[in-house]
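Colleague: make a model of this:
(one chain, ligands or ions: 2)
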Amino acid sequence: MEVCYNCFREKQTPGPCPHCGYDEAQDRDRYPLALNHGAILDGRYIVGRVLGQGGFGITYTAYDDKEKGLVAIKEYFPTDFVGRTQNTGMVCLYSGDRRKNFEYGKELFLEEARTMASFMNDGRIVRVHRFFEEKNTAYFTMELVDGDSLDRYTRKKGGRLSPEEADRLLIPLVQALDGVHAKGIVHRDIAPDNILVRKDGTAVLIDFGAARYSTEEKSRSLDVVVKHGFAPKEQYSRHGKQGPFTDIYALAATWYFAVTGEIPPDSIERIEEDSLVMPSAKGIKVNRKIEAVYRKALSVEASDRYQNMREFYTALKKAEEKPAAATSAIPRKALIGILIGLLAAVLILAAVLVVTSLGNQGSSQGSSISVSTTTPVPTTSPTSTPTPTPTPTPARKPTPTPTPTPTPTPTPSPEDLEKDIATLDKTSRKGDGTQTAEETPEPTPTPEPEESDPPEIKKDGAISGGGGDYYDGGSGGGSSGGMG
Ligand SMILES: Nc1ncnc2c1ncn2[C@@H]1O[C@H](COP(=O)(O)OP(=O)(O)OP(=O)(O)O)[C@@H](O)[C@H]1O
Ligand SMILES: [Mg+2]
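Modeller: Residues are numbered from 1 along each chain as shown. Ligands and ions are numbered 1, 2, ... in the order given. Okay, here's the model as predicted:
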């Protein structure tokens, strides 16, 4: 009897799993530095397939024999600093500075695991359960999210998402990141491959790896923590000041990817000549006000962006309140015409009512009532306001009845409409294309075939084992920590 190292169900024969389709043989060559299938960690976790490998770590599925369920385990494995003894799975360390860097990074890895665990009940940040040291390195276990990474999800959905769906997925992450920043942590690697979409359609943020390594000069791998298209300018420089605005740029770039299906141009390439084309200029229907918020968040200069997630969130919510499209359909001239027409109609109606009233008074009330001084003179002058006489003539209802209006929807005042039109004019001019969302039909997205692993978005870090001067630190064992 065999076991599938993806779903951990039993199968009769080697080869692809009849339950989940996973083919173990294919994984072997893809991740030569990974732990073997079936390796045991912390006396309870049976290591399964590799979910992903980056410059700093390898993430596996695993079966928790204690809790009898599946988990994800991340192993600290900075490829620049280590290799592996394949039969024991022990991590081999280089000597000298690289070893120091490795040790330092390992401390930060565990520290980060602790921090992530403090977001246990958040739901928008992956739940970290436990961490421990073994095989010369460190591990933490997480909930195994049943879903796809955002880039894969987007491709499965035909190459791009509707702006509404992108907002629904990403705006909760703006709030979650506000909490992360409040703890002094900047994620620094927000990108579609570090956001998972659960089966219930909610997004969850993973991989705080870059947050660990880029804080200190000690790490020489700073340059690895740059994901082209998503990393802002300041991440390309060792001395670039980073902060919440760094994550704001990356999240906005992720929105751009989701909505257009394209990776935005590199931030450093945009310094000389900004080739960023916003979705509306590509003919994608999008709320222009929301787009303007993301445009600001995608400013090359950090000082031009929102400075914290709260500002960013408030701007997004404000932009959501009144869709630009609803106010943009009426041209300015037509609007003025309508207003003049309405005014004229009211005045004419008032004049007719007054004339009718005078006629009625003349016939029904007789000459006993002197009207020569008290009755207002009807006039057609557009500046005068007709005042009703107190006579309750049925044809005359100039005084509005105070009927309660049940609809709380704010009707835009003419001033608001004017303002919106002005804003819209500006936004249209800002775009580098001549098309507008209303004029251009949406391009039909080309569905891509499903792939087992998203290859497009990768860090620059090379995945290599390295040879050379190994130090094998001895036995496995090690400390472990539980977090709830
Ligand atoms: N908790 C999880 N549940 C399901 N899949 C996960 C989980 N964590 C990670 N993955 C998958 O594994 C991939 C790699 O994980 P992760 O992003 O944490 O590390 P990485 O980018 O490979 O490494 P690095 O730390 O070097 O950046 C992810 O893109 C995702 O597809
Ligand atoms: Mg990642």
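
Colleague: what about D122, how many residues nearby?
Modeller: The number of residues packed near D122 is 17, by other Cβ atoms under 10 Å. No exception for glycine: its C-beta is placed from N, CA and C like everyone else's.

Colleague: check the one 10 residues further on too.
Modeller: Look at F132: counted by other Cβ under 10 Å, it has 21 neighbours.

Colleague: identify the residue of the stretch 151-300 of the chain closest to ligand 2, quick one.
Modeller: For the stretch 151-300 of the chain and ligand 2, the shortest gap (Cβ to the ion) falls at D207, measuring 3.7 Å.

Colleague: just confirm that residue contacts F56, I think it does.
Modeller: No: with contact defined as Cβ atoms under 8 Å, D207 does not count as touching F56 (9.1 Å).

Colleague: neighbour count winner among the two?
Modeller: Taking neighbours as other Cβ under 10 Å, D207 and F56 compare with F56 leading, 27 against 22.

Colleague: on that earlier part again, and the residue of the stretch 151-300 of the chain closest to ligand 2, what does it touch?
Modeller: Each residue near D207 by Cβ atoms under 8 Å, 6 or more residues apart in numbering is listed here: G54, D189, N194.

Colleague: so which of the residues you listed also contact ligand 1?
Modeller: G54, N194 (Cβ under 6 Å from any ligand atom).

Colleague: name the residues of the chain found near ligand 1, please.
Modeller: Residues of the chain found near ligand 1 (Cβ under 6 Å from any ligand atom) are 51-57, 59, 72, 74, 126, 142-145, 149, 193-194, 196, 206-207, 209.

Colleague: return the subset of those residues lying in strands.
Modeller: Among the residues of the chain next to ligand 1, the members found in strands (DSSP state E) are L51, G52, Q53, G57, T59, A72, K74, M142, E143, S149, L196.

Colleague: and those residues, which is closest to ligand 2?
Modeller: The closest of these, once distances to ligand 2 are taken by Cβ to the ion, is G52, at 6.2 Å.

Colleague: quick check: buried residues in the strand or helix carrying D167?
Modeller: In this assignment (DSSP states H and E), D167 forms part of helix 163-182. Buried residues in helix 163-182, counted by 16 or more other Cβ atoms under 10 Å: 163, 165-167, 169-174, 176-178, 180-181.

Colleague: can you list contacts of that helix?
Modeller: By Cβ under 8 Å, 6+ apart, the list of residues contacting helix 163-182 from outside reads 119, 122, 124-125, 150, 161, 186-187, 190, 195, 197, 201-203, 205, 243-244, 247, 251, 254-255, 258-259, 279, 284-287, 290-291, 308-310, 312-313, 316, 320.

Colleague: so what's P232 up against?
Modeller: Shown in contact with P232 (Cβ under 8 Å, 6+ apart): F245, T246, Y249, A250, S267, V300, A302.

Colleague: just give me the neighbour total for the nearest residue to it once chain neighbours are set aside.
Modeller: Spatial nearest neighbour of P232, chain neighbours left out: Y249 (3.7 Å); criterion: Cβ to Cβ, 6 or more residues apart in numbering. Per other Cβ under 10 Å, the neighbour tally for Y249 reads 25.

Colleague: measure Y249 to ligand 1 for me?
Modeller: 18 Å (Cβ to the nearest ligand atom, to the nearest Å).

Colleague: number the residues from 10 up from this point.
Modeller: Sounds good: first residue 10 from here, last item Y258.

Colleague: any idea what that residue is structurally, helix, strand or coil?
Modeller: helix (DSSP: H, G, I helix; E, B strand; the rest coil).

Colleague: also the one 5 residues further on?
Modeller: Using three-state DSSP, the structure places T263 in helix.

Colleague: and this structure, which of its residues are near ligand 2?
Modeller: N203, D216 (Cβ under 5 Å from the ion).

Colleague: residue boundaries of the helices in the chain?
Modeller: 33-39, 106-126, 159-165, 172-191, 218-222, 253-269, 278-281, 297-306, 318-330, 333-337, 341-369, 423-439 (DSSP state H).

Colleague: turn these into a markdown table, including mean pLDDT.
Modeller: Formatted as a markdown table, the helices of the chain follow (pLDDT from 0 to 100):
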| stretch | mean pLDDT |
| --- | --- |
| helix 33-39 | 82 |
| helix 106-126 | 86 |
| helix 159-165 | 97 |
| helix 172-191 | 96 |
| helix 218-222 | 61 |
| helix 253-269 | 98 |
| helix 278-281 | 96 |
| helix 297-306 | 98 |
| helix 318-330 | 96 |
| helix 333-337 | 48 |
| helix 341-369 | 73 |
| helix 423-439 | 35 |
